[in-house]
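Engineer: only the shape, not the letters, is given here:
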């Protein structure tokens, strides 16, 4: 019996955004936030986490992705602003948000949820929030430090970048960190 594989669907980030993520992470490290930082080259704009799937299901997922993008055009998005999940009182995740073609992104993600539900992947209960996870806070951070970070990066905005392909990724968890492989790609 084939082994299951851990998967998710996401946009790959353009180099200009990866460079910005590296810069912001380096600056945040100077604030002495105790966080486990995600390697910038491993950060994606995730649309749907699928979890473990059987390799035989890759084609039906690819078909659902292709149906979801019908009528979609490439998106222009920019990194915009910073935040923490779940909130400032107990921050666990530091993230950067997006601006630009957000309504089109939300519509695409909603269609993807619909099409994937039709092939056995339950819809998310939480509403979709387009974000890039920069790091996970390891120890309780002072609210003053978190507020300082949020204030300093509130006006952060990158140039617009083009997002024109959604990708089904395989995620292999290794001691050195996650390794991602592309399984299917669908153009917008």
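Structural biologist: Happy to help now that I have it. No experiment lies behind these values; they were computed from the predicted model shown.
Engineer: Three-state assignment for residue 91, please.
Structural biologist: coil (DSSP: H, G, I helix; E, B strand; the rest coil).
Engineer: correct me, but it touches residue 83?
Structural biologist: No: applying Cβ atoms under 8 Å, one finds residue 91 not in contact with residue 83, separated by 9.0 Å. C-beta: built from backbone N, CA, C; applies to glycine.
Engineer: who's more crowded, those two?
Structural biologist: Using other Cβ atoms under 10 Å, the more surrounded residue of residue 91 and residue 83 is residue 91, with 22 against 18.
Engineer: which residue packs closest to that one, ignoring adjacent ones?
Structural biologist: Sequence neighbours aside, residue 84 is the residue nearest to residue 91 in space, at 3.7 Å (criterion: Cβ to Cβ, 6 or more residues apart in numbering).
Engineer: distance check, residue 115 against residue 186.
Structural biologist: 11 Å (Cβ to Cβ, to the nearest Å).
Engineer: which residues are common contacts for those two?
Structural biologist: residue 65 (Cβ atoms under 8 Å, 6 or more residues apart in numbering).
Engineer: where exactly do the helices run in the chain?
Structural biologist: For the chain, the helices defined by DSSP state H cover 15-30, 58-68, 102-117, 143-152.
Engineer: residue 49 is nearest to which of these?
Structural biologist: helix 102-117 (10.8 Å; Cβ to Cβ).
Engineer: what helices and strands are in contact with the closest one?
Structural biologist: Here helix 102-117 touches strand 45-53, helix 58-68, strand 75-85, going by 3 or more Cβ pairs under 8 Å, 6 or more residues apart in numbering; DSSP states H and E.
Engineer: what's it in contact with?
Structural biologist: For helix 102-117, using Cβ under 8 Å, 6+ apart, the contacting residues are 9, 47-48, 50, 61, 64-65, 67-69, 72-73, 75, 77, 98, 123-124, 128, 130, 163, 166, 188.
Engineer: any buried residues in it, and which?
Structural biologist: Going by neighbour count (16 or more other Cβ atoms under 10 Å), the buried part of helix 102-117 is 104-105, 108-109, 111-113, 115-116.
Engineer: equivalent analysis for stretch 127-145, please.
Structural biologist: Applying 16+ other Cβ under 10 Å to stretch 127-145 flags 128, 130-135, 137, 141 as buried.
Engineer: just the terminal-to-terminal distance for it.
Structural biologist: 28 Å (Cα to Cα, to the nearest Å).
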